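Chemist: this is a predicted model, with the sequence first.
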Amino acid sequence: MKHVITTISTLAILALTVPAFAHFQMIYTPESALNKGGKIPLAIVFTHPFEAGHTMDMGTPEQFFSMRSRGENTPKKTDLLSTLKPITWTSLTNAGAAYETEYSARGGDHIFCLVPAPYYEGEEDAYIQQSTKMIVNVGGEPGAWMEPVGLDCEIVPLCKPYDRWTGNVFQGKVLFKGKPVAGAEIEIEFMNHKPLLDKKAFAKEASAVAPQAAFVLQTIFADDNGVFTFGIPKAGWWGFAALGLDPEGSFKGKECSRDAVIWIQAKDMK
């Protein structure tokens, strides 16, 4: 009996020390700040970006659209759902159902917005739905990058998400149905393996090595106004996920974590 109790205690300790790597909905394109317009590729993948870990099968998204703005003109919404093509995306551990498309980007800001189908996480017997944004600018022309797009769960950038130097900070404001979420929990991951769009896979080589598991998935909290701040230590793509914004979130009779995700890109100053 003593051996059984010891074994159970050991397993409990191990469970507490196993790192929890976060799911991140991605909208990826190689460059967020373009000098000229043209067709750009977009990959939509639900995965674990730091480790290029397990890729989850995506269902048919509920929404996928862009909001283009130029100067003081009213942003123009374009429904892109019908342009999505199913693909299989390969991570370092498995392959999963994902999507790709092409988009004709012209001058100004283009805010890409995705509301995916809720994903069932069997280990938690619950669903996850991450409404995701990624912003591309063409030609340095100003646009409405700082304006909410009206998603129920949304992170609104408070600084341009495509002009960050390494060492700058990124600030965002977490909204649920247009209202700030005080104390929102924010998970942060670095896209540590380059997405290879031609191979529909992550590169095997990592850009950074985490000295300890806590560095893989970082956590910060928003202030009373829903605002969070993060210092950017390395060039590349960074994902921010504000978790569980809908206190009554459910899907098919089970709990559903309705999250907001935004991706930003930082560059080294040379």
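Modeler: Alright, I've got the coordinates. What you see is a predicted model; the values in this text were computed from it and never measured.

Chemist: and the one helix or strand Tyr127 maps to, how far out from the chain middle?
Modeler: Using DSSP states H and E, Tyr127 falls within strand 126-138. Its chain's C-alpha centre and that of strand 126-138 lie 5 Å apart, by CA atoms, centre = their mean, to the nearest Å.

Chemist: what's the next secondary structure element after that strand?
Modeler: Counting by DSSP H and E, what follows strand 126-138 is strand 153-157.

Chemist: residue ranges for the helices of the protein, please.
Modeler: For the chain, the helices defined by DSSP state H cover 2-17.

Chemist: now do the strand holding Tyr127 and strand 153-157, the angle between them.
Modeler: 30 degrees (axes from the mean of the first three to the mean of the last three CA atoms, to 10 degrees).

Chemist: residue ranges with poor pLDDT in this protein?
Modeler: By pLDDT under 70, the weakly predicted segments of the chain are 1-21.

Chemist: buried residues of the strand holding Tyr127, list them for me.
Modeler: Using 16 or more other CB atoms under 10 Å as the test for burial, strand 126-138 gives 126-138. In short, each C-beta sits where N, CA and C put it, glycine included.

Chemist: so how far is Phe176 from His169?
Modeler: Small correction: residue 169 is Val, not His. Between Val169 and Phe176 the computed distance is 23 Å (CB to CB, to the nearest Å).

Chemist: higher neighbour count, those two?
Modeler: Higher neighbour count among Val169 and Phe176: Phe176, with 21 against 11, using other CB atoms under 10 Å.

Chemist: just the buried positions in stretch 60-73, please.
Modeler: For stretch 60-73, a neighbour-count test (16+ other CB under 10 Å) marks Pro61, Phe64, Ser66, Met67, Arg68, Ser69, Arg70 as buried.

Chemist: now that stretch, how far from the centre of its chain.
Modeler: That offset, for stretch 60-73, works out to 17 Å (CA atoms, centre = their mean).

Chemist: start to end distance for that stretch?
Modeler: 32 Å (CA to CA, to the nearest Å).

Chemist: same question for stretch 178-194.
Modeler: Termini of stretch 178-194 sit 34 Å apart (CA to CA).

Chemist: in that stretch, which residues are buried?
Modeler: 180-181, 184-194.

Chemist: thinking again about what came up before, same for the strand holding Tyr127, what does it pack against?
Modeler: Applying 3 or more CB pairs under 8 Å, 6 or more residues apart in numbering; DSSP states H and E, we find strand 126-138 packed against strand 24-28, strand 33-34, strand 108-115, strand 119-121, strand 153-157, strand 250-251, strand 254-267.

Chemist: that one versus strand 254-267: what angle between them?
Modeler: 30 degrees.

Chemist: quick check: closest non-adjacent residue to Trp89.
Modeler: Nearest residue to Trp89, sequence neighbours excluded (CB to CB, 6 or more residues apart in numbering): Ala98, at 3.9 Å.

Chemist: swap in Ser104?
Modeler: Nearest non-adjacent residue to Ser104, counting by CB to CB, 6+ apart: Lys39, 5.5 Å away.
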